[in-house]
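[1] predicted structure and sequence below. I'll ask about it afterward.
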Amino acid sequence: MQEEKSLMRKIFRRVYWENLSTILILIGVFMLLQPFAMWMFTYSFIVILVGTIGFIITSHFPD
Amino acid sequence: MSEKKKFKGLSDKAVGWLFIGPTVLLLLAINIYPLVYAIKMSFTNFYANKIGRVPEFVGLKNYIKILNKEAIWEKMQVTASFMFWTLLLQAIIGLGLALLLNRKFKGNELLTTLIVLPMMLSPAVVGVFWTYLYNPQVGLFNYVVNFFYDFGSFDMIGSSILAPWSIVIVDTWMWTPFTMLICLAGLRSVPNYLYEAAEVDRASKWQQFIYITLPSVLPFLLLALLFRGIENFKMFDMVVELTSGGPGSATELASINLKREAFEKWKTGYSSAFAVILFVTIFGFGNVYVKVMNKIKER
């Protein structure tokens, strides 16, 4: 039980998931503002949304 | 004992709630409610000018329409170009000015005050007086440019090539002092003994700048740029006063387009969806901003 708990703590470490969410937000913003491909603009909002929601959730994970 | 209990006042928690209660209520009324209402509207085909017409639920149609529209993509590119050039110029000039003002010389305080002045002005006021400065007949800007090289009369705001630069110049003029102030705070936090140690090690001025000054000031500069990035992404008032998004749509930023869709074409549902997209982007950006700020605090 204790091992399982520590494994979960290792997997859900805030620093990794928060960084991943930040990267997603930045990729999404780039997709929204880039002048190269229309499809990137089309999917930009969903990427930003996932990143932002992810950030809100993961910022409550333990350190 | 029972007398004492009778006169027991409010608990600390209750007093706390009493103080923050009005603010929370006000925030709910003027921030949260309109936001929730706009999100709700974004899923409908609501037209604010068609009174009596019941809005229909259209699901994600507005979002799909916006994210597949090339015209909106173009507005985003105009916004991106505006952001890129303003942030680049503000970073270079702001850092340069901060380095200059970090030195001790006569009139340092006066110069700092003068440089900071544009930041204190209202964006609408700045927009109006720069319109006069850019005037091709009597504007001072034309006079100053022609003083160095005779281009003849040219219209900064009227030309579709020059107009985007005109808004970049004004934003840079207005907000470089902000970047400068943040960088100056960063520069003043660098301990002097680092430079003394570098001099003992015979490091050149350039090496001192690259290995001491720049790494110390970079987080502050990044913070200023992130803040300005968020502000410029939703830039509206100054550009509306200066060019109104014209000529054509050369300076039509995303926020100006949003206003046109909402209050000129009265597509309330559609523009609410557009507003939600911009809001989520800024909110995401804001999270990154807070994260960077926390990292700086930890240093």
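    Yep, that arrived.
[2] up against chain B, what does chain A have?
    Chain A has residues A:18, A:21-22, A:25-26, A:28-29, A:32-35, A:38, A:41-45, A:48-49, A:51-52, A:55-56, A:59 near chain B, with proximity defined as Cβ under 8 Å from any Cβ of the partner chain. Every C-beta, even on glycine, is put in place using the N, C-alpha and C of the backbone.
[3] near chain A, which residues of the stretch 101-250 of chain B show up?
    So the stretch 101-250 of chain B never meets chain A (Cβ under 8 Å from any Cβ).
[4] hmm, 10 Å instead?
    Within the stretch 101-250 of chain B, the positions near chain A by Cβ under 10 Å from any Cβ of the partner chain are B:G229, B:F233.
[5] so where's the stretch 101-250 of chain B shaky on pLDDT?
    For the stretch 101-250 of chain B, no stretch is flagged by pLDDT under 70.
[6] so where do the strands sit in it?
    In order along the chain, the stretch 101-250 of chain B carries no strands (DSSP state E, counting those that start in this stretch).
[7] quick one on the thing from earlier: just the residues of chain A next to chain B: which are in helices?
    A:18, A:21-22, A:25-26, A:28-29, A:32-33, A:38, A:41-45, A:48-49, A:51-52, A:55-56 (DSSP state H).
[8] would you write a PyMOL line that selects the buried entries of those residues?
    To isolate the buried subset of these in PyMOL, counting by 16 or more other Cβ atoms under 10 Å in any protein chain shown, use the following:
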select buried, chain A and resi 18+21+22+25+26+28+29+32+33+41+42+44+45+48+49+51+52+55
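[9] which strands and helices sit next to the helix or strand containing B:A262?
    Here B:A262 sits within helix B:254-263, counting by DSSP states H and E. When contacts are defined as 3 or more Cβ pairs under 10 Å, 6 or more residues apart in numbering or on different chains; DSSP states H and E, helix B:254-263 packs onto helix B:70-101, helix B:237-242, helix B:268-298.
[10] contacts for the shortest one?
    In other words, helix B:237-242. Helix B:237-242 has contacts (Cβ atoms under 10 Å, 6 or more residues apart in numbering or on different chains) with B:82, B:121-131, B:134, B:156-157, B:163, B:166-167, B:170-171, B:174-175, B:232, B:245, B:251-253, B:255-256, B:259.
[11] next one: phi and psi at B:R53?
    phi -80, psi 130 (degrees, to the nearest 10).
[12] apart from its neighbours in sequence, what residue is nearest the residue in chain A positioned nearest to chain B?
    With Cβ to the nearest Cβ, the shortest gap between chain A and chain B falls at A:L33, namely 3.6 Å. If the residues on either side of it in the chain are set aside, A:L33 comes closest to B:A80, at 3.6 Å by Cβ to Cβ, 6 or more residues apart in numbering or on different chains.
[13] what do you get for B:T243?
    Distances taken as Cβ to Cβ, 6+ apart place B:T251 nearest to B:T243, at 4.5 Å, with adjacent residues excluded.
[14] do B:F151 as well
    B:V145 (6.2 Å).
[15] was I right to think the one you found contacts B:M156?
    Yes - using Cβ atoms under 10 Å, B:V145 is in contact with B:M156, at 9.1 Å.
[16] these two: which is more packed in?
    More neighbours surround B:M156 than the other of B:V145 and B:M156, with 25 against 14 (other Cβ atoms under 10 Å in any protein chain shown).
[17] the more buried one: what's it in contact with?
    Counting by Cβ under 10 Å, 6+ apart, B:M156 has contacts B:130-131, B:133-136, B:139, B:141-142, B:145, B:162-163, B:165-167, B:169-170, B:242-243.
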